[in-house]
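> Make a model of this:
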Amino acid sequence: MSSFRSIIDEWPSLQAFADDLGVKYVTAQLMRHRDSIASKHWRQTVISAGRRKIPGVTLELLASIEPGSAVRRRKPPRSPRHAQYA
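Take a look at the predicted model:
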């Protein structure tokens, strides 16, 4: 597992992931889409993975993924000043 998305995909369904974390389905959808799990949900993610016998999901793993998350890889939007010269 090298991304938050790959961790989320270990659950039997996105609804099961949402239920385990105690979040709305749409929140789980956004987590998967953004390839990011907010750090406030990490502990519950680890606990829930353990209950579901999903191996390897640890706080250390989640912390190691954070710096390379999709949110940080996004390019910043172009400023209007530069857009006119593109």
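
> distance of the residue most central in space within the chain from K24?
Central residue of the chain (CA atoms, centre = their mean): S36, 2.5 Å from the mean position. Going from S36 to K24 by CB to CB, to the nearest Å gives 16 Å. To be clear about C-beta, it is placed using only N, CA and C from the backbone, and glycine gets the same treatment.

> Run through the helices of the protein in chain order.
According to DSSP state H, the chain carries its helices in the segments 4-8, 14-21, 25-34, 42-51, 59-65, 70-73, 80-83.

> looking at the chain, which helix or strand does the model trust least?
Within the chain, no helix or strand scores below helix 70-73, which has a mean of 46 by mean pLDDT, DSSP states H and E.

> Please give the number of neighbouring residues around the residue lying closest to A38 once chain neighbours are set aside.
Of all residues not flanking A38 in the chain, M31 sits nearest, at 7.6 Å (CB to CB, 6 or more residues apart in numbering). Using other CB atoms under 10 Å, M31 has 23 neighbouring residues.

> ditto for S3
14.

> Look up phi and psi at it.
Per-residue torsions, S3: phi -150, psi 160 (degrees, to the nearest 10).

> before we move on, what about V57?
Taking degrees, to the nearest 10 as the convention, V57 sits at phi -90, psi 110.

> Quick check: buried residues in stretch 32-42?
For stretch 32-42, the neighbour count (16 or more other CB atoms under 10 Å) marks R32, D35, S36, I37, H41, W42 as buried.
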